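> I need the structure of the sequence given here:
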Amino acid sequence: MSAPFETINAFRDLLKEGAGPDEAAKLGAEARNGQLTKPPGALGRLEDLAIWYASWRGDARPEIKAPQVIVFAGNHGVTAQGVSAFPAEVTVQMVANFEHGGAAINQLSRAFGASMDVHALELDRPTADFTQDSAMSEADCVAALGLGWEAVDPEADLLVVGEMGIGNTTSAAAIGAALFGGAAEDWVGRGTGVDDAGLAIKARVVAEGLAAHDVTDPLEALRCLGGRELAAMAGAIAAARSYRIPVILDGFICTAAASVLEKAHAGALDHTVAGHLSAEGAHARMLSGIGKEPLLSLGLRLGEGSGAALAIGVLKGAIACHSGMATFAEAGVADGE
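Residues are numbered from 1 along each chain as shown. I've put the predicted structure just below:
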């Protein structure tokens with residue numbers, strides 16, 4: 001399905017019109033949860049996850065049969081500033097690895113029964129160095145948002161979006177500072193493994209980017225400081241809401257892209273949960289800013305959607321218990337009343 005917007009403002013308006021959860025399904029799921037053969041609340045957050053998922057799928061007793069993982073790749077002009085421990089050529093090489101099934105995200109997608117798609121966004125035409133110019137023109141940003149939107153399978157019942165792009169932790173840090181405030185030093189991290197000198201360069205570059213642009217508007221922050229893969233992730237997350245497909249958010253870079261949507265329209269991420277807390281230092285602050293508590297905390301800092309894909313297993317476990325367990329009546333067990 002082609003993207004139903006041609007400008008950033010049209011995309012902004014679309015966020016305000018997004019679908020919401022099915023209240024009848026939510027009530028039905030809550031009622032079922034109260035009748036299952038367990039003490040009340042014994043499954044902790046798994047119970048909340050199951051009810052949340054049921055409400056977005058419109059089914060009080062849902063199943064997860066068709067999860068989709070999408071990895072978007074983009075190149076960043078800001079790498080010319082020396083913000084990464086790896087050259088931009090690695091983006092192209094990793095896309096080939098994804099396509100040949102050799103990356104971590106390939107293994108995790110396969111392990112949890114998810115289809116996987118890879119979209120490389122004009123890798124031969126990096127975004128502009130955002131210390132010198134806006135990272136993307138409006139046309140480029142809208143094209144990336146639209147590609148993300150169109151990449152979502154309307155028949156999927158769960159979505160994970162991930163990324164690959166040398167330099168994109170710098171863009172994510174700049175977006176974080178623009179959306180949530182604070183100094184550049186509060187938002188930059190080691191990324192691909194930069195040393196102390198590299199970390200200082202990243203902080204300087206983020207500060208220069210913030211000074212160079214008016215980024216009080218969240219979608220302008222995405223356009224001026226982001227990358228094509230971040231815009232594509234934002235477009236895909238927004239599309240998922242329109243289809244009532246729940247989303248598991250990945251790490252720092254994915255969360256930065258998602259945060260743009262929440263800051264542009266409060267509630268735009270109600271259909272999402274945070275898959276994990278990454279080892280990138282500012283990720284916890286960013287999750288707090290959008291009110292999300294991570295499902296896992298395993299020290300991951302790979303990107304690719306890997307932490308979110310791993311969390312598919314948690315959500316599948318929640319749904320398996322919710323939809324598969326017997327009720328007290330079905331099992332002939334006294335419920336304590």
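> quick one: Ala172 is in a helix?
Yes: assigned with DSSP: H, G, I helix; E, B strand; the rest coil, Ala172 falls within a helix.
> touching, it and Phe252? I think so.
Yes: the pair Ala172 / Phe252 is scored as a contact, 5.4 Å apart, by CB atoms under 8 Å. For every residue, glycine as well, the C-beta is placed using N, CA and C.
> show me the strands in the stretch 1-150 of the chain, by range?
Along the stretch 1-150 of the chain, the stretches classed as strands by DSSP state E, counting those that start in this stretch are 67-73, 115-120.
> and those strands, which is most packed in?
Compared across the strands of the stretch 1-150 of the chain, strand 67-73 shows the largest average neighbour count, a mean of 27 (mean count of other CB atoms under 10 Å).
> in its sheet, which strands sit next to that strand, and in what direction?
strand 115-120 (parallel), strand 158-164 (parallel) (DSSP bridges).
> any idea of the mean pLDDT in that strand?
Averaging pLDDT along strand 67-73 gives 98.
> pick out the residue nearest the middle of this structure.
The centroid of the chain falls nearest to Leu249 when counting by CA atoms, centre = their mean (3.4 Å).
> and Ala256, how far is that from Arg57?
Using CB to CB, to the nearest Å, Ala256 is found at 27 Å from Arg57.
> between these two, point out the one with more neighbours.
A count of neighbours by other CB atoms under 10 Å puts Ala256 above the other of Ala256 and Arg57, at 32 against 22.
> which residues does Ala114 contact?
Contact analysis of Ala114 by CB atoms under 8 Å, 6 or more residues apart in numbering lists Pro67, Gln68, Val69, Leu158, Val160, Ala309, Ile312.
> turn these into CSV, including distance to His283.
Shown next, in CSV, are those (distance: CB to CB, whole Å):
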residue, distance to His283
Pro67, 23
Gln68, 23
Val69, 20
Leu158, 22
Val160, 16
Ala309, 17
Ile312, 19
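> nearest to Leu43 among these?
Checking the contacts of Ala114 against Leu43 by CB to CB gives Ile312 as the nearest, at 17.6 Å.
> longest helix in the protein, please.
What stands out as the longest helix in the chain, according to DSSP state H, is helix 306-324.
> give the other helices and strands that that helix contacts.
The helices and strands touching helix 306-324, judged by 3 or more CB pairs under 8 Å, 6 or more residues apart in numbering; DSSP states H and E, are helix 23-33, helix 45-57, helix 104-111, strand 158-164, strand 247-249.
> ok, back up a step: and Tyr243, which of the strands of the stretch 1-150 of the chain is closest to it?
Closest among these, using CB to CB: strand 67-73, at 10.8 Å.
> cool, thanks, talk later.
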